[in-house]
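Asks: Need coordinates for the below:
(chains A and B)
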Amino acid sequence: MTTGTIELTAADFRSGTSPDWCPGCGDFGVLNSLQRACAELGLQPHQILTVSGIGCSSNLPGYINSYGMHTLHGRSLAFATGAKMANHELTVIATGGDGDGYGIGGNHLAHTSRRNVDLTYIVMNNQIYGLTTGQISPTSRLDMKTKSTPFGNVETPINPITSAIMNGATYVARAYSGDIRHTTAMIKGAIEHKGFSLVDIFSPCVTFNDDNSHDFFKSRVSKLEEQGHDSSDWKAACEKAMEWGDTINIGLFFQGHGIASLDAREPVLKDGPMSSRPLKITEDQTKKLLGRMM
Amino acid sequence: MAAGKFDFALAIGGEAGQGIATPGNIMARLFIRRGLHLNAYNAYQSIVRGGHIFLTIRVGEEPVYSHGDKLDLLVCLNQDTMDRHLRLMGDNTRVIFNGDTITPGDAAKGVGLCPLPVSELSGSRNRLVQNTVAVGATSALMGLDFETLEESLKARFQRQGQAVVDENVGVARAGYDYAVKNFEAFGGSLPENPHALAQWAGNEAIAMGAAAAGVKFYAAYPMSPSTGVLHWFAQNARDLGIMVRQVEDEIAAANMIIGAAQTGTRAMTATAGGGFALMTEAVGAASMMEIPVVMVNVQRAGPSTGVPTKTEQGDLWQMLGASQGDFPRFIVAPKSALDAFNTMAELFNLTDKYQAPGLVLSDLLISEGTFSVDPDNLNMNPVIDRGALITEDAEQNGYMRYKDTETGISPRAVPGTKGFVHVVATDEHDENSSLLSDEFTNPHKRRKMVEKRARKFENIEKAIEAPVLEGPVDAEVTIVGWGSTEGVIREAIATLKERGVTANQIAVKWMVPLHGEAITNVVNKAKRTIVVENNFSGQFYRYLRSETGLTINNHIRKYDGEPFMPHHIADGVQEILAGKVDTYVPYQEVNV
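Replies: Residues are numbered from 1 along each chain as shown, chains lettered A, B, ... in the order given. Model (predicted):
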């Protein structure tokens, strides 16, 4: 199509299917923010591929007007990496929950981070397993009582921000889904960033997590942008990420500049995306292959 | 050389780290350049230094389909090799060894012991030099002129500099001359065919077949005996323009190729049984989302870690049952390296056309064996059929990714294409991709979608060539084999013929779809049927029985980690015909 690009609004990124999330679920704010970010960045639905795992939040690709893959529990980053490296012209956005990303998918997160794959990964972190009706997640606090920890959680939660920074992610941000303007800004920055971006978004589960409610976050979140934080300083970023109490920091913790993403480092992509390459092997290539076998 | 066509087996034994590969490669290259056919099997262990490595190279004027039954020449690089294998050597054989360090045991009549005074001949303390001395002596005994050997050594060591070339040529000459003077050669000169051949391992054949089929994305996690596929792709990625990724685990590899395939890129992974166990969830995902991918399982002896460097046909049921749910898949077990090469293009076309996962069941024998191949037989430009793939933009048109069509096949648009925006999902979904799993479960729609996917495989066996009976129709015995046993059964049938027993073979390659009717027709006409498998429980037979209702009471099974030799099968057939056993388990004479 050579017609001029029509400017789209957030509404154009609605899929026509209504989310099946509980009323008041934090994920609505994330979906709205993502739709706004896509519109404000001037993206077209067919250029975007959203890839999710399994869980309440992983239903998101069905609610946004873009290409989507609703895949397996914990594996969204593997699917997303495959799609991105096969067609790096796509804007690939992975979405899911904290159990999906930091629990069962933790291994992929570590390796996608170090590879610096040019993906945006949005984790809707509600610190609980919601779809399975309320068990601890890797981000549930110590002592938290759930159906799987009726006498209190004895495990320390993971810190996704410091983990991602240590593993080599080059854009690491946190947001609270009740603040759509800020969440939109974090997602926009992530999509624009060339490299692996993690946006951990507090997205309260209003049904199974009374501890980490909207009120809990509203009274605690503090934006790094208002604190004069230098996001190029990874040590300062880690210190900010370790603060957890009456104040919980949100915003852009860390952004590494000038670190090549995987597609930029991969020489075979110099001739364009794999998905549009001719499939036939040439005579010269054949001659070389056979020569090595003689 | 003995009367009749030249058919010779050379074995080299030593420990890991002693450089067995080098003399093996030198000799193999010499043979194929002379147009001789080659079938090499390397018995090794999961160890980097030490242990016992035993490379058997069978070479013939005519095609050789297994590593054979006998050894003509044994090269011992250490005492252990001598101790283990001297007893295998019979009349008119030779045993080459370093006389300075290795003591032969009692040899049978007709075994020519050929001790080489290696330190005297080499004047060097480099332990690896004894290998080149042995290559020189081997060439002399086999009747190869030294100039040809010299040329080959130069090519082999050129990259390491002139000094290394000179040293190797020098000690090879010393070994050669010493052998000519002191040992009795086999007689005659090493034959030569006019047309030079090439050589490859099965893993290379699989990778090359996939590359010819247009695979542009390969992801894997290293695992013996499948790693050769990764090595081939890594080596050739930049020349051929193939995205190759070594990833964190097999789960990532399997799911990554599905992500890649969704963009319209032909994508593949390979692993061994243990890695495939981790990939199984992805098999179902590919099926449910209807994204074509190819996954290769190179079987090794299981269960669990099992024997990583040994072969088995023990993963059929794993492949049949891989992933939860009830869905169509292709499973193919190639019969040889060349067959594997040719199968890849066919399988990619089938997976694209039917939008279903394609699984390849190879094994260590095929994948890590080295075989001669006539380069003229390699079609590097096979037919490529992408099926109903949409890559051109269109106006909004009410596209439904999972449209319920007559054939069950729904045209597949790839992300990036304007006018076809849709979601694919591992949840059950309606024609328009909306989920039937959560809020809107609907038994009628669910039934429709199950039937849509299943319909793709109605009469699918007609899309693929059925197995045919090879050999005399009225034979006394019909042997049913599958996958990699095709070659060794073919040679066992020749052995049986010499022994006065007529046999034929039906070699089954496609597990799914299984050509049950074709196999039943053969078995029903057979005078006697025997199933041969490289496993304990008869996985293929039990599957065949479940699909066809055929009952077959005679079996030859081997599950000691080593592949069949032709006489194992021939002996088994005769024992069964004599009524001594119903199921024959051969004894593995070569202790490796």
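Asks: can we go C-alpha only for contacts and neighbour counts from here?
Replies: Fine.
Asks: ok, and the closest non-adjacent residue to B:His429?
Replies: Nearest non-adjacent residue to B:His429, counting by C-alpha to C-alpha, 6 or more residues apart in numbering or on different chains: B:Leu435, 4.2 Å away.
Asks: List the contacts of the one you found.
Replies: B:425, B:427-429, B:441 (C-alpha atoms under 8 Å, 6 or more residues apart in numbering or on different chains).
Asks: Likewise for A:Leu109?
Replies: A:77, A:101-102, A:164.
Asks: 7 Å - rerun?
Replies: A:77, A:101 (C-alpha atoms under 7 Å, 6 or more residues apart in numbering or on different chains).
Asks: hang on, the earlier thing: list phi and psi for the residue nearest to B:His429.
Replies: The phi and psi torsions at B:Leu435 (degrees, to the nearest 10) take the values phi -70, psi 140.
Asks: any idea how far B:Ala345 is from it?
Replies: Relative to B:Ala345, B:Leu435 is positioned 34 Å away (criterion: C-alpha to C-alpha, to the nearest Å).
Asks: Then B:Val332?
Replies: From B:Val332 to B:Ala345 the distance is 12 Å (C-alpha to C-alpha).
Asks: try B:Arg499
Replies: Distance of B:Arg499 to B:Ala345, computed by C-alpha to C-alpha: 40 Å.
Asks: Compare these two (neighbour count), which wins?
Replies: Using other C-alpha atoms under 10 Å in any protein chain shown as the criterion, B:Arg499 and B:Ala345 rank with B:Ala345 on top: 25 against 11.
Asks: returning to what we had before: narrow the contacts of B:Leu435 to those in strands?
Replies: Within those, residues falling in strands by DSSP state E are B:Ala425.
Asks: now, which of the contacts of B:Leu435 sits nearest chain A?
Replies: Using C-alpha to the nearest C-alpha, B:Ala425 is the member of these that lies nearest chain A, at 4.5 Å.
Asks: As a check, name the ranges of all helices in the stretch 151-294 of chain A.
Replies: A:160-167, A:180-192, A:214-218, A:234-242, A:262-265, A:283-293 (DSSP state H, counting those that start in this stretch).
Asks: If we ignore the residues flanking it in sequence, what's nearest B:Ile390?
Replies: That would be B:Ala413: by C-alpha to C-alpha, 6+ apart, it lies 4.4 Å from B:Ile390.
Asks: before we move on, what about B:Arg58?
Replies: B:Ala9 (4.2 Å).
Asks: Up against chain B, what does chain A have?
Replies: Proximity of chain A to chain B, by C-alpha under 7 Å from any C-alpha of the partner chain, involves residues A:1, A:20, A:46-47, A:49, A:61-62, A:66-72, A:75, A:78-83, A:86-87, A:90, A:111, A:268, A:274-275, A:279-281, A:285-286, A:290, A:293-294.
Asks: which of the residues you listed count as buried?
Replies: A:46-47, A:49, A:61-62, A:66-72, A:75, A:78-83, A:86-87, A:90, A:111, A:268, A:274-275, A:279-281, A:286, A:293-294 (16 or more other C-alpha atoms under 10 Å in any protein chain shown).
Asks: Looking at the residues you listed, which are in strands?
Replies: Per DSSP E, those map to strands at A:49, A:67-70.
Asks: want to try JSON lines for these, with pLDDT as columns?
Replies: What follows is those, written out as JSON lines (pLDDT from 0 to 100):
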{"residue": "A:Leu49", "pLDDT": "98"}
{"residue": "A:Tyr67", "pLDDT": "98"}
{"residue": "A:Gly68", "pLDDT": "98"}
{"residue": "A:Met69", "pLDDT": "98"}
{"residue": "A:His70", "pLDDT": "98"}
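Asks: Output those in a markdown table, with distance to B:Gln246 appended to each entry.
Replies: Converted to a markdown table, those look like this (distance: C-alpha to C-alpha, whole Å):
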| residue | distance to B:Gln246 |
| --- | --- |
| A:Leu49 | 23 |
| A:Tyr67 | 27 |
| A:Gly68 | 25 |
| A:Met69 | 23 |
| A:His70 | 24 |
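Asks: If we only consider the residues you listed, which is nearest to A:Ile187?
Replies: A:Leu49 (14.9 Å; C-alpha to C-alpha).
Asks: which residues touch that closest one?
Replies: A:66-68, A:90-93, B:415.
Asks: could you redo the last one with a cut-off of 6 Å?
Replies: Counting by C-alpha atoms under 6 Å, 6 or more residues apart in numbering or on different chains, A:Leu49 touches A:67-68, A:92.
Asks: Listing request: residues of the chain with sub-threshold pLDDT.
Replies: Using chain A here. A:1-5 (pLDDT under 70).
Asks: Chain B is the one I meant
Replies: Ranges of chain B meeting pLDDT under 70: B:1-3, B:124-125.
Asks: quick check: domain ranges of it?
Replies: B:7-182, B:201-377, B:388-458, B:465-584 (automatic domain parsing).
Asks: Can you list the buried residues in the biggest helix by length in chain B?
Replies: Longest helix of chain B, by residue count under DSSP state H: helix B:162-182. Under the neighbour-count criterion of 16+ other C-alpha under 10 Å, helix B:162-182 has B:165-180 buried.
Asks: And stretch B:395-409, by the same measure?
Replies: B:399-404, B:408-409.
Asks: Which pair in those has the greatest spatial separation?
Replies: The span of these, defined through C-alpha to C-alpha, is set by B:Tyr399 and B:Gly408 at 15.6 Å.
Asks: Now do the contacts for the most centrally placed residue in chain B.
Replies: Among the residues of chain B, the one closest to the centroid is B:Ile366, at 1.7 Å (C-alpha atoms, centre = their mean). Residues near B:Ile366 by C-alpha under 6 Å, 6+ apart: B:202, B:337.
Asks: what's the answer for B:Pro467, then?
Replies: B:Val508.
Asks: Could you pull up phi and psi at B:Arg156?
Replies: phi -70, psi -40.
Asks: Spatially nearest residue to it (excluding sequence neighbours)?
Replies: For B:Arg156, the spatially nearest residue (C-alpha to C-alpha, 6+ apart) is B:Ile26, at 7.2 Å.
Asks: any idea how far chain A is from that neighbour?
Replies: 12 Å (C-alpha to the nearest C-alpha, to the nearest Å).
Asks: what's the neighbour count on that residue?
Replies: 17.
Asks: how close does the nearest residue to B:Ala198 once chain neighbours are set aside get to B:Ala163?
Replies: Leaving aside its chain neighbours, B:Ala198 sits nearest to A:Met294 (4.4 Å; criterion: C-alpha to C-alpha, 6+ apart). The gap separating A:Met294 from B:Ala163 is 25 Å, by C-alpha to C-alpha.
Asks: Just the residues contacting stretch B:288-306, thanks.
Replies: Contact with stretch B:288-306 is made by B:226, B:267-273, B:307, B:310-312, B:351-352, B:355-364, B:424-426, B:561, as judged by C-alpha under 6 Å, 6+ apart.
Asks: Among these, which ones lie close to chain A?
Replies: B:424-426 (C-alpha under 6 Å from any C-alpha of the partner chain).
Asks: of all those, which comes closest to B:Asn39?
Replies: B:Thr426 (44.2 Å).
Asks: I'd say that closest one and A:Thr71 touch.
Replies: Yes: checked against C-alpha atoms under 6 Å, the pair B:Thr426 and A:Thr71 is within contact range at 5.4 Å.
Asks: Just read off the phi/psi values of residue 94.
Replies: Because you didn't say which chain, this covers chain A. Torsion angles, degrees, to the nearest 10, at A:Ala94: phi -100, psi 140.
Asks: wait, I meant chain B there
Replies: phi -130, psi 150.
Asks: Run through the residues that contact it.
Replies: B:Arg94 neighbours (C-alpha under 6 Å, 6+ apart): B:73, B:111-113.
Asks: 10 Å instead, please
Replies: B:10, B:71-75, B:86, B:110-114, B:138, B:141, B:183-186 (C-alpha atoms under 10 Å, 6 or more residues apart in numbering or on different chains).
Asks: Helices - which of these land there?
Replies: Going by DSSP H, the helices hold B:138, B:141 from the contacts of B:Arg94.
Asks: Could you list which of the contacts of B:Arg94 belong to strands?
Replies: B:10, B:73-75, B:111-114.
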